[in-house]
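In: Give me a 3D structure for the following:
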Amino acid sequence: MDQTFALATFAGGCFWCMVEPFDEQPGIEKIVSGYTGGHTENPTYEEVCSNTTGHVEAVQITYQPDVFPYERLLELFWQQIDPTDPGGQFNDRGESYQTAIFYHNDEQRMLAEASKEALVQSGKFKNPIVTKILPAQTFYPAEEKHQDYYKKNTFHYRLYKKGSGREDFINRNWKKKYTKEELKKMLSPIQYQVTQENGTERPYQNEYYDLEEDGIYVDIVSGEPLFSSKEKYDAGCGWPSFTKPLHRNQLTENMDTSLGMRRIEVRSKDADSHLGHVFDDGPIDQGGMRYCMNSAAMRFIPKDKLKEEGYGQYLSLFE
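Out: Down below sits the predicted model:
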């Protein structure tokens, strides 16, 4: 496989919130938070926030185009922001929080312009799309404390993302919502019981507990990628078990005290489907975790169907 890497640079308001969506995706080598677009050399966080440097907070992504194409990066970028806000993003106001796509070559420029026009034509937003498309300029990495902030300060990051209004905006504008009636038409009775009513299917009597084929498992409702067959193993429990998810930040975990037990429930982030539970009795040499999932909460996509079904970036897992 071609190991050539490229750069993509996006400004989407507070850079803390622009790392998580791209992190852990296949073909993403590195994400750096920093400053760009201004006239001051080596600016500090305080200087940029003063709105006197001309810089915006941004992230620079080193990625593998053959694995994770620029079009997919653009799609993810739009889904993190309010592209109609000219004065900042959510509770963060001022020019340093404005949104922009900084292109590194003509191909990126054309793709960015096409994606912006597609968003305009979609009619998704009543107000004009004001996100700028600009040539890339010198990018200055931010201070170390701002790098991977969502990992280093998880609790504060979650509070901030929620409190700033970004999380609610994304949920309201970018995530597909279904009514109970729609879900009951989409799902089989056991799929609905598991995902919507926190049910559990019978062990050894479910579709994927002993499946050994190469491929990935996606949320039955939203199609968001959850697990890979590369991390699947026979835990002897009668349910499909995995040592880790494809993207940890795409799952949510909650304390579950039902049935007189204390367990950690696992849900999908986008669809909020109940998936199963995670335990700390997995293989020690692979992190010690066991993600015990319900087959009914997932759909398996075999390796040879990944590209056809829009998951081509995950082919690299099996090469």
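In: Which strand or helix spans residue 291?
Out: Counting by DSSP states H and E, the element that carries residue 291 is strand 290-293.
In: Report all helices and strands that that strand contacts.
Out: Applying 3 or more CB pairs under 8 Å, 6 or more residues apart in numbering; DSSP states H and E, one finds that strand 290-293 contacts strand 225-228, strand 241-242, strand 274-279. For glycine as for every other residue, the C-beta is placed from the backbone atoms N, C-alpha and C.
In: Check which element follows that strand along the chain.
Out: Past strand 290-293, the next helix or strand by DSSP H and E is strand 298-302.
In: Off-centre distance for that following strand?
Out: With CA atoms, centre = their mean, to the nearest Å as the basis, strand 298-302 stands 19 Å off its chain's centre.
In: need the helix or strand of the chain with the lowest average pLDDT.
Out: Lowest on mean pLDDT, DSSP states H and E among the helices and strands of the chain sits strand 251-256, with a mean of 91.
In: mind listing what the next helix-or-strand element following that strand pairs with, with the direction of each?
Out: Once the chain leaves strand 251-256, the next helix or strand it forms, by DSSP H and E, is strand 263-268. Partners of strand 263-268 in the sheet, by DSSP bridges, are strand 251-256 (antiparallel), strand 274-279 (antiparallel).
In: of all these, which lies closest to residue 58?
Out: Relative to residue 58, the nearest member of those by CB to CB is strand 251-256, separated by 27.1 Å.
In: Let me know the outermost residue of this protein.
Out: The outermost residue of the chain relative to its centre, with distances by CA atoms, centre = their mean, is residue 260 at 33.4 Å.
In: Quick one: closest of the strands paired with strand 263-268 to residue 137.
Out: strand 251-256 (36.4 Å).
In: Give me the contact list for that closest one.
Out: 226, 245, 262-269, 272, 275, 277-278 (CB atoms under 8 Å, 6 or more residues apart in numbering).
In: who does the helix or strand encompassing residue 59 pair up with?
Out: Element membership for residue 59, per DSSP H and E: strand 56-63. Applying DSSP bridges to the sheet, strand 56-63 is found paired with strand 6-12 (antiparallel), strand 28-36 (antiparallel).
In: What's the separation between residue 291 and residue 213?
Out: According to CB to CB, to the nearest Å, residue 291 stands 18 Å off from residue 213.
In: the more surrounded of those two?
Out: Neighbours per residue, other CB atoms under 10 Å: of residue 291 and residue 213, the larger number sits with residue 291, 25 against 11.
In: That one touches residue 246, doesn't it?
Out: No: between residue 291 and residue 246 there is no contact under CB atoms under 8 Å: 10.7 Å.
In: Pull up the overlap in contacts between these two.
Out: residue 227.
In: mind checking how far the next helix or strand after the strand holding residue 59 is from the chain centre?
Out: As assigned by DSSP H and E, the chain's next helix or strand after strand 56-63 is helix 70-78. Its chain's average C-alpha position is 11 Å from that of helix 70-78, according to CA atoms, centre = their mean.
In: in helix 70-78, what counts as buried?
Out: For helix 70-78, a neighbour-count test (16 or more other CB atoms under 10 Å) marks 70, 72, 73, 74, 76, 77, 78 as buried.
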